[in-house]
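Participant: okay, here's the prediction I keep looking at, along with the sequence it came from:
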Amino acid sequence: MAAVDLIGSYNYALVALSVLIAMFASYAALDLAGRVTAAGGWTRAAWLLGGAGAMGTGIWSMHYIGMLAFILPIPVAYHWPTVVLSLFAAILASVASLIPFSSSCPSCSRF
């Protein structure tokens, strides 16, 4: 069987959209992380979940839009249960990264 080279190209408008989404999501996550450090009690948990949701959704959407920007000469489809699972994985990873901000120890949340 002969090897076939697949030559791809990029939709630069989608690449730019992916970069913009990454910038807006990181701004939102940093802003919400600041609110986590200032809040207390159940509002701290709410800000933590909001920040993790914003950051995880931003990371996930940036990556999928970046993948959609890559055009191949063959049809490409995504398995939707895996796509949804990857969204939950991104949000869970964001929760893990924002937990140090939710610490009640004042010096623990400083870098």
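Facilitator: All right, it came through fine. Predicted, not measured: the structure shown is a model, and the values here were computed from it. Numbering: from 1, shown residues only.

Participant: the helices in the protein, which residues?
Facilitator: Secondary structure of the chain (DSSP state H): helices at 12-38, 42-69, 80-98.

Participant: can you pull the pLDDT of Phe101?
Facilitator: Phe101 is assigned 65 on the pLDDT scale.

Participant: flag the shaky bits of this protein, pLDDT-wise.
Facilitator: In the predicted model of the chain, residues 1, 101-111 satisfy pLDDT under 70.

Participant: kindly recompute the last result at 80.
Facilitator: Along the chain, the model assigns pLDDT under 80 to residues 1-2, 33-34, 36-40, 100-111.

Participant: re earlier: out of the helices of the chain, which gets nearest to Leu6?
Facilitator: Nearest to Leu6 among the helices of the chain is helix 42-69 (14.7 Å), distances taken as Cβ to Cβ. In short, each C-beta sits where N, CA and C put it, glycine included.

Participant: and the closest one, what's buried?
Facilitator: Neighbour-count burial for helix 42-69, counted by 16 or more other Cβ atoms under 10 Å, picks out 44, 47-62, 64-66, 69.

Participant: likewise stretch 83-101?
Facilitator: Ser86, Leu87, Ala90, Ile91, Ser94, Val95, Leu98, Phe101.

Participant: so who does the fourth one touch?
Facilitator: Looking back up the chat, that one is Ile91. Contacts of Ile91 were listed using Cβ atoms under 8 Å, 6 or more residues apart in numbering, and they are Ala52, Gly53, Gly56, Thr57, Trp60.
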